[in-house]
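Peer 1: I'd like to go over a predicted model; first the sequence, then the structure.
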Amino acid sequence: MRDAVLMVIVAIISVMALYAPRYGLLGYLWFSLFRPDILAYSAGRPYSMILAIVTGVSALRAVPRVAELMINPIVWVFMGFQVWCGLSVLTALRQDLCFPSYTWFLTSSVISLFIPLLVRTKEHLRLLLQVLGGSIGLLGAKMGLYGILAGGAMFVQGVGGFLADNNLVALGLVMGVPLLWYSILLTDMLPLKSFFGFLLVTTLAAIVMCHSRGGILALALVLMLMAWRAKYRMAAFVFIALMALPGAWLVRDSLIARMSTLSSFQEDESAMGRLAFWKAALKVSKDYPLFGVGFGGTNYREISGKYVEGDFTHANLFVHNTYLQVLVDSGYPAAIAYCILLLVCILWMRRLSKKLKEDDPEMARWSEAIGISLAGYSVGAMFLSRVNYDFPYMLFLAAATVYQIHAMQQPVAGQAPAGESADAPPPSSPLPAHDDMPAIAGDNQPAWKRAGAGRRLRLRQKA
C-alpha cells in the first residue's frame, strides 16, 4: 500500500515537472531528504532517478540561462571542487572503488546545480527553503513524535541512504532547524505556521534523542545564533528553550551522561579513536597531497590500517572528519576549495542579511537561515565523514541563488533606477521669488486666458 501511494506521488511530481521543471526539482529535493522510499519499504526502486531524469529533460528549456551562472562566484568555487573530485577518481589507487559513491555524488551535484538555474525570484526561494526545511523536518517529526510518545528513546541507527547512522541523522536535522524557525517567522498563514512549529518541536526532540555529541554541539551553536540574531533576543532564547525542553527532559539522564564524556575524552574510546584517525589522515595526505587516494573513502580504508596508531585498526576506518576526509580522498586543492565554499557562503549570507535588513527583511532572514544552517554543519562535520551528503550542497547552491536574485535586483551601471527614464532631463531647480522684480503682463494668468490663446488653438485644429 505504501509503495503504491509513493508511486502515485512520484507520477504526479513527474507530470508537474514536465509543465515546470522547478516542481520536479522540488520533488527531487523532497525525495532526497525525506527518503519516502525507505519509509515505504521500496528502497530498491528507481524513483529518485526517475525524478532526476524528468527534471533534467524538462530543464533543457532553461539552458539559455546557463550563462548567468558563469558570473556567480559561488558556482565557480562549487564547480572547481567538483572538477577536482572528478580528477581524484581518475587518479585513484583503485578507480573501481570510487565509482559507486561518486556516481551518487555526481548525480546529486548536477541536480543541485538546477537550483540557481530554476529558482529565479524571492517567491521561488521561499518555497525552496520551506521544502528543504519541511522535508528534513518530516523525518525529524517521525522520529521525535515516536520518542515523545514512548516517553523517551535512544536512536542509535540511521534511516538509510546518506543518513546511515545516528550522527548523520542528527546533523541533517540540525541543518533543518534554522529553515523551520525562519519558515515560522516568515509565514503568514496560521495553519502553515503551526505545521512548521510542530515540525520544529519534534525535530529538536529527535536530535537530542540521537545522543550524538557532535550533533548536540552543532545544535547549541544553531540555537544560539537563531536567538542572538532575533529582534528580541531574550524572548527568543526563552521561546527556543521551551521548544527544545520536552525532548531533552525525557532523556535528560542518558543525555547528561553522554555529554559528560566530553570532559574526560582521554577515557572515551570513541573520542581517542577519532584522534588516532585524524592523525592517520594527516599522514596519508603527506603521501598523496595533490589528488588524494581516490574519492569516496573506500580507497582510504584500504590503506589506512598501516597509518593508524594504537589499537584502533578495526574495520571502521573512516576519518570521522569531513574536512580531513576530503583531504585524503581528493587532495589539498579539493580540501581548500571545500573550506572556501563553506566559509564564503556563511560569511556572505551574514553580510547580505545585514545589508538587506531594512530594505528587504524577508530576503535578509532567508539569508540568515542558510548561513546558520551551514554554520551548524561546519561544527558537525568535524566529527563525522560524509563528503557525499547532498544537503550541504543544496544549501551552497541556495546561497548561490540568493546571490543571483540579489544581483538581478541591482541596477546596471549607466542604467537609470526603476521608474525613471534614462533620457529624461534632470529636474531644474526653481528660481527664487523676488518681490522687487516687476511683473510681466499675463504671467499670473492661465494659458487659456492669455492673449492669442484662441487663435493658436484654431490653428492647431486646422493642422
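Peer 2: Now that the structure is in, tell me what you want to look at.

Peer 1: Go ahead and confirm residue 387 touches residue 329.
Peer 2: Yes: the pair residue 387 / residue 329 is scored as a contact, 6.5 Å apart, by C-beta atoms under 8 Å. Bear in mind the C-beta positions are built from the backbone N, C-alpha and C, glycine included.

Peer 1: Please identify every residue contacting each of the two.
Peer 2: Residues touching both residue 387 and residue 329 by C-beta atoms under 8 Å, 6 or more residues apart in numbering: 295-297.

Peer 1: of residue 387 and residue 329, who's got more company?
Peer 2: residue 329 (34 against 21; other C-beta atoms under 10 Å).

Peer 1: Residue 296: helix or strand, and which one exactly?
Peer 2: Residue 296 is part of no helix or strand when elements are defined by DSSP states H and E.

Peer 1: Flag the shaky bits of the stretch 351-463 of the chain, pLDDT-wise.
Peer 2: Applying pLDDT under 70 to the stretch 351-463 of the chain flags residues 411-463.

Peer 1: in it, which spans are helices?
Peer 2: Taking DSSP state H, counting those that start in this stretch as the test, the helices found in the stretch 351-463 of the chain are 361-380, 390-409, 453-462.

Peer 1: And these: which comes nearest residue 28?
Peer 2: Set against residue 28 and scored by C-beta to C-beta, these come closest in helix 390-409, at 10.1 Å.

Peer 1: Helix 361-380 and the closest one, what's the angle between them?
Peer 2: Counting by axes from the mean of the first three to the mean of the last three C-alpha atoms, to 10 degrees, helix 390-409 lies at 150 degrees to helix 361-380.

Peer 1: can I get the helices of the stretch 351-463 of the chain in JSON lines with mean neighbour count and distance to residue 218?
Peer 2: Shown next, in JSON lines, are the helices of the stretch 351-463 of the chain (neighbours: other C-beta atoms under 10 Å; distance: least, C-beta to C-beta, whole Å):
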{"stretch": "helix 361-380", "mean neighbour count": "24", "distance to residue 218": "4"}
{"stretch": "helix 390-409", "mean neighbour count": "22", "distance to residue 218": "12"}
{"stretch": "helix 453-462", "mean neighbour count": "9", "distance to residue 218": "77"}
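
Peer 1: quick one, helices of the stretch 201-350 of the chain?
Peer 2: Using DSSP H, counting those that start in this stretch, helices in the stretch 201-350 of the chain cover 213-228, 233-250, 252-260, 269-287, 298-303, 322-355.

Peer 1: of all the ones you listed, which has the lowest average per-residue confidence?
Peer 2: Comparing mean pLDDT across the helices of the stretch 201-350 of the chain, the weakest is helix 252-260, with a mean of 80.

Peer 1: Mind listing what's buried along that one?
Peer 2: Applying a neighbour-count criterion of 16 or more other C-beta atoms under 10 Å, one finds 255, 258 buried in helix 252-260.

Peer 1: List the contacts of it.
Peer 2: Contacts of helix 252-260 (C-beta under 8 Å, 6+ apart): 152, 154, 208, 211, 213, 216, 248.

Peer 1: if we go to 6 Å?
Peer 2: 208, 211 (C-beta atoms under 6 Å, 6 or more residues apart in numbering).

Peer 1: thinking again about what came up before, just put the shared contacts of residue 387 and residue 329 in a markdown table and tack on pLDDT and neighbour count.
Peer 2: Conversion of the shared contacts of residue 387 and residue 329 to a markdown table gives the following (pLDDT from 0 to 100; neighbours: other C-beta atoms under 10 Å):
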| residue | pLDDT | neighbour count |
| --- | --- | --- |
| 295 | 94 | 33 |
| 296 | 90 | 26 |
| 297 | 88 | 23 |
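
Peer 1: Next, format those residues as TSV and append distance to residue 344.
Peer 2: Formatted as TSV, the shared contacts of residue 387 and residue 329 follow (distance: C-beta to C-beta, whole Å):
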residue	distance to residue 344
295	22
296	25
297	25
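
Peer 1: before we move on, back to that, the helices of the stretch 351-463 of the chain: which one's closest to residue 231?
Peer 2: That would be helix 361-380 among the helices of the stretch 351-463 of the chain, by C-beta to C-beta, at 10.0 Å.

Peer 1: The closest one to helix 322-355, inter-axis angle?
Peer 2: Using the same axes, to 10 degrees: helix 361-380 against helix 322-355 is 160 degrees.

Peer 1: now the angle between helix 213-228 and helix 361-380, please.
Peer 2: Using the same axes, to 10 degrees: helix 361-380 against helix 213-228 is 150 degrees.

Peer 1: ok, now how distant is residue 384 from residue 295?
Peer 2: Between residue 384 and residue 295 the computed distance is 17 Å (C-beta to C-beta, to the nearest Å).

Peer 1: Next: residue 61.
Peer 2: If you go by C-beta to C-beta, the gap between residue 61 and residue 295 works out to 32 Å.

Peer 1: repeat for residue 363
Peer 2: When residue 363 is compared with residue 295 (using C-beta to C-beta), they lie 35 Å apart.

Peer 1: before we move on, back to that, and which of the shared contacts of residue 387 and residue 329 is nearest to residue 222?
Peer 2: residue 297 (26.5 Å).

Peer 1: Could you pull up phi and psi at the closest one?
Peer 2: phi 90, psi -20 (degrees, to the nearest 10).

Peer 1: middle-most residue in the chain, spatially?
Peer 2: residue 395 (1.9 Å; C-alpha atoms, centre = their mean).

Peer 1: Run through the residues that contact residue 100.
Peer 2: No contacts exist for residue 100 under C-beta under 6 Å, 6+ apart.

Peer 1: Whatever helix or strand it lives in vs helix 390-409, what angle?
Peer 2: Assigned by DSSP H and E, residue 100 belongs to helix 99-112. Interaxial angle, helix 99-112 versus helix 390-409 (the same axes, to 10 degrees): 30 degrees.

Peer 1: Using PDB, write out the CA atom coordinates for helix 99-112.
Peer 2: Presented in PDB, the C-alpha positions along helix 99-112 are these (Å, rounded to 0.1, in the frame of the first residue of the first chain):
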ATOM      1  CA  PHE A  99      32.500   4.700  -8.800                       C
ATOM      2  CA  PRO A 100      29.600   3.600  -6.600                       C
ATOM      3  CA  SER A 101      29.800   6.700  -4.200                       C
ATOM      4  CA  TYR A 102      31.000   9.100  -6.900                       C
ATOM      5  CA  THR A 103      28.000   8.200  -9.200                       C
ATOM      6  CA  TRP A 104      25.600   9.200  -6.500                       C
ATOM      7  CA  PHE A 105      27.600  12.300  -5.600                       C
ATOM      8  CA  LEU A 106      27.800  13.500  -9.200                       C
ATOM      9  CA  THR A 107      24.100  12.900  -9.800                       C
ATOM     10  CA  SER A 108      23.000  14.900  -6.800                       C
ATOM     11  CA  SER A 109      25.500  17.600  -7.600                       C
ATOM     12  CA  VAL A 110      24.200  18.100 -11.100                       C
ATOM     13  CA  ILE A 111      20.600  18.200  -9.900                       C
ATOM     14  CA  SER A 112      21.600  20.700  -7.200                       C
END
